[in-house]
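# Here is my input; please provide its structure:
(2 chains)
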Amino acid sequence: MTTVTRRPEAATLPAPARPPRKRGRGLLTIALFVLPALVLFLLLVVAPILVAIYASGFKWNGFGGLPTDFIGFDNFTRLFRSEIFTTDLWHLAVLVGLCVLVQLPLALGIAMLLNQRIRGRSLYRLIFFAPYVLSEVITAVLFSLILSPTSGLANEIIGIVGLESEWLSDPGTVLLSLFLVLTWKYFGFHMMIYLAGRQNIPEELIEAAKIDGAAGWKVFRHVTLPLLGPTIRISVFLSVIYTIQLFDLVWILTEGGPAHASETLAVTMFDVGFDRAQVGYASAISVVMFGLSLIFALGYQRFVMRRDLEGATTAMGDRR
Amino acid sequence: MKRTTLPLHAIAWIVGAFILVPIVYALIGGFKSTDQLSVNPFGLPSPWNTGNYTDVLAEGSFWRQLWNSTFIAVLTTAVTVALSAMAAFVFARFAFRGRELLFTLFTAGLMFPFAVAILPIFVMLRTLNLLDNPWGVILVQAAFGLPLTIIILRGFFRSIPGEIEEAATLDGCGPFAFFWRILLPMARPALATVSVLAIVGSWNNFMLPLVVFSDELSWTLPLGIQQFQGQYSSDTSRILAYLVLAMVPALGFYALAERHLIGGLTAGATKG
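Residues are numbered from 1 along each chain as shown, chains lettered A, B, ... in the order given. Below you'll find the predicted structure:
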């Protein structure tokens, strides 16, 4: 836990630097330094989440202090019976599936490619990452123009080979179109994570495998890929947590339409809570999002990332 | 080895085109009239038409939104980094009962999706009369920025050798002086990284300003862009010009702070 290495002379000094010395006077210092952050955090992060959980048990329009009209789990039973909620979950599953099966492998492939010594790779890296820096609003407005069925660039491009699509206006293609935009914006981010992970793999291991006669794909499959495991698991984790709360892009591109075909949990929550002032019901949706994130995060760390959190990466294990 | 790079270049070119075509389309499309754009979506503009860009730049609203976004981003960053540095200092270099518990509370904040809190935050800000007030956005963004910033800074503060603190103490330096005069200057690279992350996060935020600001005068760029699209929905090339101008600060900042941004994001990712 504490790093007590590299201090052989500590015994000769009046007191060791860290533990007991700062007790007496320290408490006031500690309070002065931690309280501002703690107060802000409790007030604006923890309390709102507790209020959301509390409010999910009430029929409430958001006005007049805390809610009073207690209805138990009615908001949740209503939610679980609602068709929109079921489709929200389905969209979540589809988008997560597409991200994990298409976007992340693509990002991994490109990262491996850019790890080669090809000319201009730093320029490629710079370009591929650029969309991540743009806001989701810019991305969404740009693509709402590009994917417009009547005058958009996308139809002009696929028109060259005689195709056309309704893109965001067709319930059958809206999720795929949304995924296309997500990939444009986010694959560069995952690529960067993989590149950073790849650069942490000692080159000797790769060389050793090559000397042992393994070539190209085999080196990747049996040496690089396993060693990238922790990095890949983290990028999957980030991808899922992000998709659970996906809002900005969808809100601007489709508002969840057409006919709820691209609606996400956050969009439903926003629509119900702000546009229809059913704050109690919307809070129940928030709580479900919170629960999903929490269960996923804890389960994932417990069962999937466990190996990464112990052993080699002590700095990480430390934190949990 | 040499001959194998051609297919690699081909793939890189295709991906590069996928990324760049939308941005270049916006940039060039901004120089066309909307009629030109629908007749000639690919080619260069003829004639080059600077009206869209100059019109947007001549409007006060673009500059006002730019100012609002900057103001909010700078203050969010100042609050986030100042409070996080103080807390991280204590978490890194003091031993006291409950330290790990408190620290875990902050790190758990990484798992709280912002969308979950938005309704209660809205109700709370309305009660406190902070709607249409930039501080309503600044304080909430700062609060949600604390966990990651504290984690990164604590890691950095811990890596500073104890001998330096001992030497400072022997020279009569109290914890405040040590924090202010020695630790913070030494932590400049880490402070730059977390500042860049806070600026980008604030700059791109949409959901919170969307519910906090109803008065056009307080809008940030993302709100302005969304509204501009609604207002000129049939005038595509004008929207493209607005988009391009709104991209300039973000891409310029990226060009300047690329190293900190990427370093911070990958560090943040692996520490989340």
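# For the rest of this, base every contact and every neighbour count on C-alpha atoms.
Noted.
# how near is residue B:69 to residue B:249?
11 Å (CA to CA, to the nearest Å).
# who has more neighbours, these two?
Per other CA atoms under 10 Å in any protein chain shown, whichever of residue B:69 and residue B:249 has more neighbours is residue B:69, with 23 against 15.
# In three-state terms, label residue A:288 for me.
helix (DSSP: H, G, I helix; E, B strand; the rest coil).
# Can you report how many residues neighbour it?
As a measure of burial, residue A:288 has 18 neighbours, counting by other CA under 10 Å.
# confidence score at it?
pLDDT, residue A:288: 94.
# Next up, the contacts around it.
Shown in contact with residue A:288 (CA atoms under 8 Å, 6 or more residues apart in numbering or on different chains): no residues.
# do residue B:213 as well
Contacts of residue B:213 (CA under 8 Å, 6+ apart): B:131-133, B:219.
# how about it, phi and psi?
phi -100, psi 110 (degrees, to the nearest 10).
# Lowest-scoring secondary structure element of the chain by mean pLDDT?
You didn't pick a chain, so chain A it is. helix A:314-317 (a mean of 36; mean pLDDT, DSSP states H and E).
# actually chain B
Lowest-scoring helix/strand for chain B, mean pLDDT, DSSP H and E: helix B:34-39, at a mean of 82.
# For the residue minimising distance to the centre of chain B, what is the enclosing helix or strand?
Residue closest to the average C-alpha location in chain B (CA atoms, centre = their mean): residue B:200, at 1.1 Å. Assigned by DSSP states H and E, residue B:200 belongs to helix B:188-204.
# How far off centre is that helix?
Relative to its chain's centre, helix B:188-204 lies at 7 Å (CA atoms, centre = their mean, to the nearest Å).
# Can you give me the buried ones in it?
In terms of neighbour count (16 or more other CA atoms under 10 Å in any protein chain shown), helix B:188-204 has its buried residues at B:190-204.
# Keep only those of those that are also close to chain A.
Contacts with chain A are made by B:200, B:203-204 out of the buried residues of helix B:188-204, judged by CA under 8 Å from any CA of the partner chain.
# Find me the pLDDT at residue A:318, would you?
For residue A:318, pLDDT reads 37.
# which residues of the stretch 151-272 of chain B fall in helices?
Under the criterion DSSP state H, counting those that start in this stretch, the stretch 151-272 of chain B carries helices at the ranges B:162-170, B:175-177, B:184-186, B:188-204, B:207-212, B:221-231, B:236-271.
# Output these in CSV; the columns should cover mean pLDDT.
Shown next, in CSV, are the helices of the stretch 151-272 of chain B (pLDDT from 0 to 100):
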stretch, mean pLDDT
helix B:162-170, 86
helix B:175-177, 87
helix B:184-186, 91
helix B:188-204, 91
helix B:207-212, 95
helix B:221-231, 92
helix B:236-271, 85
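# Quickly check: the helix or strand that the least confident helix or strand of chain B is followed by near chain A or not.
With elements assigned by DSSP H and E, the helix or strand that comes after helix B:34-39 is helix B:51-58. No. Residues of helix B:51-58 are not located near chain A by CA under 8 Å from any CA, the shortest gap being 15.7 Å.
# what's the angle between helix B:51-58 and helix B:236-271?
70 degrees (axes from the mean of the first three to the mean of the last three CA atoms, to 10 degrees).
# now helix B:51-58: how far from the chain's centre is it?
On CA atoms, centre = their mean, the centre of helix B:51-58 falls 26 Å from that of its chain.
# mind listing what's buried in it?
Within helix B:51-58, the residues scored as buried using 16+ other CA under 10 Å are B:52-53, B:56.
# same question, stretch A:28-47
For stretch A:28-47, burial by neighbour count (16+ other CA under 10 Å) applies to A:29-30, A:33-34, A:37-38, A:40-41, A:43-47.
# Output it as CSV - backbone C-alpha positions only.
The C-alpha coordinates for stretch A:28-47 follow below in CSV (Å, rounded to 0.1, in the frame of the first residue of the first chain):
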residue,chain,number,x,y,z
LEU,A,28,-7.1,20.5,10.7
THR,A,29,-4.9,20.6,7.6
ILE,A,30,-6.6,17.4,6.3
ALA,A,31,-10.0,18.9,6.8
LEU,A,32,-9.1,22.2,5.1
PHE,A,33,-7.7,20.4,2.1
VAL,A,34,-10.4,17.7,1.6
LEU,A,35,-13.6,19.5,2.6
PRO,A,36,-14.1,21.8,-0.4
ALA,A,37,-13.9,18.8,-2.8
LEU,A,38,-15.9,16.6,-0.5
VAL,A,39,-18.7,19.1,0.0
LEU,A,40,-19.0,19.8,-3.8
PHE,A,41,-18.9,16.1,-4.5
LEU,A,42,-21.5,15.1,-1.9
LEU,A,43,-23.8,18.0,-2.8
LEU,A,44,-23.7,17.7,-6.6
VAL,A,45,-22.9,14.1,-7.3
VAL,A,46,-23.9,11.9,-4.4
ALA,A,47,-27.0,13.8,-3.3
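# Quick one: check it for contact with chain B.
Yes. Legend: contact between stretch A:28-47 and chain B by CA under 8 Å from any CA is shown at A:29-30, A:33-37, A:40-41, A:44-45.
# how far out from the middle of the chain is that stretch?
With CA atoms, centre = their mean as the basis, the mean position of stretch A:28-47 lies at 26 Å from the chain mean.
# so where's chain A shaky on pLDDT?
Applying pLDDT under 70 to chain A flags the ranges A:1-25, A:309-320.
# can you tell me which helix in it is longest?
Taking DSSP state H as the criterion, chain A has its longest helix at helix A:174-199.
# Many thanks, have a good one.
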